[in-house]
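Enquirer: Show me the folded form of this:
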Amino acid sequence: MRGHRWLAIILSVSFLILWSGCIIARPSKPLPTDTFGKRSENPSSDGRRTIDITPADSSKHYSYYPAVIDSVIIQPAAFQPGQSAVAVEALLKGAFPDGCMQLHDAEQDRSEHLIVVTLRMRRPQGALCASVMRPYRFYLRLDGVFEPGSYTLKINDIVHPFVVRGRPVDNKG
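Expert: Coordinates of the predicted model:
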C-alpha cells in the first residue's frame, strides 16, 4: 500500500507542475492600446498621453524637426468575413523635448509594400519653453488597405517591418 501512496503523490505533484506550467505559459492579453482601433485618452503607466496633430497658429513662425519616436507598434485590423485586405495603424510612442513642441504633420507615401512616413514636430521660433520631457503616444492610420503579406514601414528613416496575416483557410468541402 505504501508504494501506491507514493505513486499517487508523485502523479499528483507531476499533474500540478504540468498544470502550473500551462498557466505560466499562457500568453498575456494585449493591452487595449495595442489593438487596432482602440484608444486610451488617459495617461498610461509610463505617463504617455494620447495626442493628435493640431493646426499651427498662422500668426507664429515655427521651426520644424523630425518627431522623436521611441517605439512603434503596428496593429492590423482583424479580417472580417469576405475581406481580402484590412486597415493598419501604427501606435507611435515618443517624447517631446520641451514644453512647446507639438506634432505638426505626418506625410505618407506608399509604393506597394513600402510605406514611408515623415512625422514632424514644430516649435514656435523665439519661444521660451520649459525644458521638460513630455511623453506621448500617437495613433497613425496608414493610408489604404493591406492584403496578407510582408510590409516595410519606414518612419523618419527608421525601418519597421511588419506582416499582415490572413485568416486561416477553411478546408471544409
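Enquirer: tell me which helix or strand of the protein sits lowest on mean pLDDT?
Expert: In the chain, the helix or strand scored least confidently by mean pLDDT, DSSP states H and E is helix 2-25, which has a mean of 43.
Enquirer: The closest residue to Val145 other than its chain neighbours and Gly166, how far apart?
Expert: Excluding the flanking residues, the one nearest Val145 by Cβ to Cβ, 6 or more residues apart in numbering is Ala85, at 3.9 Å. C-beta: built from backbone N, CA, C; applies to glycine. From Ala85 over to Gly166 the distance is 9 Å, taken as Cβ to Cβ, to the nearest Å.
Enquirer: before we move on, what about Asp98?
Expert: 44 Å.
Enquirer: sorry, back to before: following the least confident helix or strand of the chain, which helix or strand shows up next?
Expert: Using DSSP states H and E, the helix or strand that follows helix 2-25 in sequence is strand 49-50.
Enquirer: What strands line up against whichever helix or strand comes after that next one, and which way round?
Expert: Per DSSP H and E, the first helix or strand lying C-terminal to strand 49-50 is strand 62-66. Sheet pairing for strand 62-66, assigned by DSSP bridges, gives strand 114-124 (antiparallel).
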